[in-house]
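Undergrad: My questions are about this predicted structure, shown below with the sequence.
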Amino acid sequence: MAFRPGGEYLPYDWVDEGKLLLFVKTQVAERAPRKGNRLAAEKKRKAKEGAKGSKRNKNKNKNKKGRPRDEAGMMAEAEASGAQGLAGEVEEVAADTDSGEEEPGSELRLMYNSVRSYVSAIMELWKHQVAKKLHSSPPPHNVAVKALETSVARGEHQRRRDELEDRGLATIKDGYTAKQIPDMTRAVWRNALGPRTSEQSFRTNLDFLLGHAMLLRQGNRLAIELPDLFSMDLPREGQRGQAWCFVVILDHGKLPSSLPSTKNSFFLEFPKLNASISSTIGKNNQHGRREYGAALRHRDPQSCLIGALAIYLFWRWHRSGEAFPCFRESQDWYPVRLLKRDNVHLREQLNSDTAADWSKRLYSVAGLRMSKVSHAPRVSGAQLAELNVASGCQASNYFVLSGFATANVIIYI
């Protein structure tokens with residue numbers, strides 16, 4: 001929307017219900033996506049259908065018995081050249097997945113989530129205008145707009161069927177299994193992402209295991225700093241009765257909100273030693289209440305969060321060229337990030353798009369196929385915990401023995 005220079009608004013720039021409804025109906029709900037997997041799949045599907053139709057037409061016009069040989073030879077040559085051109089066209093269409101241009105003849109339409117994001121963006125503009133007292137129009141997201149959104153949502157199921165969308169997406173199969181976690185670690189250790197990517201590989205593996213073992217969102221993981229890490233003894237725990245907790249304090253971000261099960265939220269997953277996580281502020285914790293989550297050290301070192309942390313920190317301070325932090329003054333090491341960007345930007349948070357891109361590459365080389373990227377470990381981790389859930393009695397006993405009887409704790413055994 002083009003506003004006047006200096007931020008001046010004119011009456012036709014103001015948002016109201018009629019404008020929002022007209023915009024969504026004419027410019028959003030009936031528009032095809034400009035890029036993405038759906039558009040790429042449609043291009044491939046149309047190219048294959050075109051190839052089959054062309055082949056059928058050529059079979060009908062094949063050289064019949066009794067025609068002169070020179071004519072048959074000419075037809076065979078034309079057919080071969082046409083097939084080669086068609087094959088090249090199919091390959092070109094298959095490779096063109098992110099052109100950014102709208103498909104001229106596309107029959108696709110934007111899904112409900114995309115339409116809702118447009119509505120949300122315009123609602124933010126309306127709130128901004130009302131806050132500046134430019135006008136006093138009522139909220140534009142009213143009955144008509146809601147009815148249009150409902151119609152889009154109702155037709156989404158049939159569109160997915162018509163587009164032959166993968167039925168495994170957004171189901172319990174859309175993720176990874178416990179047996180696939182070591183595949184990622186092996187991919188990291190064989191340097192599968194390419195030369196000079198060892199630190200990024202170790203960082204991505206640690207990021208993944210933080211999300212898997214503690215069900216953390218990406219915002220929680222990227223915000224962790226060095227002073228948020230400490231250890232705590234757990235007497236009478238572990239094989240020798242000398243276990244310890246690795247604790248992380250989170251200052252912001254969302255907390256795990258939908259977890260299977262009991263009041264104290266304990267789940268039996270894999271034999272590990274204890275690793276805990278603490279949170280003070282988050283979307284579900286607005287008043288700084290101290291909350292803990294914990295993951296135990298895995299018996300398989302290739303799936304162990306604590307082992308991945310140790311390897312990553314060793315590489316940072318002994319192989320990557322980063323100087324070991326000075327703990328003399330708080331200002332020297334408090335702002336240093338756990339998942340750093342590089343040796344120059346130790347105190348700046350890693351960009352979420354960069355982290356997601358590295359995760360996607362690691363999933364690919366490790367053979368993990370799923371629709372989600374940064375949120376995948378949280379989703380599959382919760383599913384695995386639910387499949388291996390402990391009884392309430394076991395959870396309560398461990399809850400008391402761990403010394404967290406007055407806190408909200410999530411323990412993974």
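TA: Received the coordinates, thanks.

Undergrad: Buried residues in the top strand by length along the chain, which are they?
TA: Ranked by residue count under DSSP state E, the longest strand found in the chain is strand 242-250. Buried residues in strand 242-250, counted by 16 or more other CB atoms under 10 Å: Ala243, Trp244, Cys245, Phe246, Val247, Val248, Ile249, Leu250. Where you see a C-beta, it was placed from the backbone N, CA and C, and this is true even at glycine.

Undergrad: Among those, pick out the one closest to Ser114, please.
TA: Nearest to Ser114 among the buried residues of strand 242-250: Leu250, at 31.1 Å, using CB to CB.

Undergrad: ok, back up a step: mind putting the buried residues of strand 242-250 in a markdown table, pLDDT included?
TA: Shown next, in a markdown table, are the buried residues of strand 242-250 (pLDDT from 0 to 100):
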| residue | pLDDT |
| --- | --- |
| Ala243 | 80 |
| Trp244 | 79 |
| Cys245 | 75 |
| Phe246 | 76 |
| Val247 | 75 |
| Val248 | 75 |
| Ile249 | 75 |
| Leu250 | 69 |
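
Undergrad: Out of these, flag the one nearest to Gln349.
TA: Leu250 (13.1 Å).

Undergrad: give me the element Lys360 is part of.
TA: helix 352-366 (DSSP states H and E).

Undergrad: got the buried residues for that helix?
TA: So for helix 352-366, counting by 16+ other CB under 10 Å, buried means Ala355, Ala356, Trp358, Ser359, Arg361, Leu362, Tyr363, Val365, Ala366.

Undergrad: Keeping just the C-alphas, turn that helix into CSV.
TA: C-alpha atoms of helix 352-366 as CSV (Å, rounded to 0.1, in the frame of the first residue of the first chain):
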residue,chain,number,x,y,z
SER,A,352,16.2,-18.5,12.5
ASP,A,353,16.2,-18.8,8.7
THR,A,354,19.9,-19.8,8.8
ALA,A,355,19.3,-22.4,11.5
ALA,A,356,16.4,-23.8,9.6
ASP,A,357,18.4,-24.0,6.3
TRP,A,358,21.2,-26.0,8.0
SER,A,359,18.6,-28.2,9.6
LYS,A,360,17.0,-28.9,6.3
ARG,A,361,20.4,-29.8,4.7
LEU,A,362,21.2,-32.1,7.6
TYR,A,363,17.8,-33.9,7.4
SER,A,364,18.4,-34.4,3.7
VAL,A,365,21.8,-36.0,4.0
ALA,A,366,20.7,-38.1,6.9
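
Undergrad: Show me what it is packed up against.
TA: helix 181-189, helix 198-214, helix 218-222 (3 or more CB pairs under 8 Å, 6 or more residues apart in numbering; DSSP states H and E).

Undergrad: Tell me which of those helices lies nearest to Arg299.
TA: helix 181-189 (11.8 Å).

Undergrad: Give me the neighbour count for Arg378.
TA: For Arg378, the neighbour count with other CB atoms under 10 Å is 23.

Undergrad: cool, and Val152?
TA: 22.

Undergrad: Met232 now?
TA: Counted with other CB under 10 Å, Met232 comes out at 13.

Undergrad: Please give the element, helix or strand, for it.
TA: With DSSP H and E as criterion, Met232 is part of strand 229-235.

Undergrad: Show me which positions of that strand end up buried.
TA: Leu234.

Undergrad: and if you look at stretch 18-26?
TA: For stretch 18-26, by 16+ other CB under 10 Å, it's Lys19, Leu20, Leu21, Phe23, Val24.
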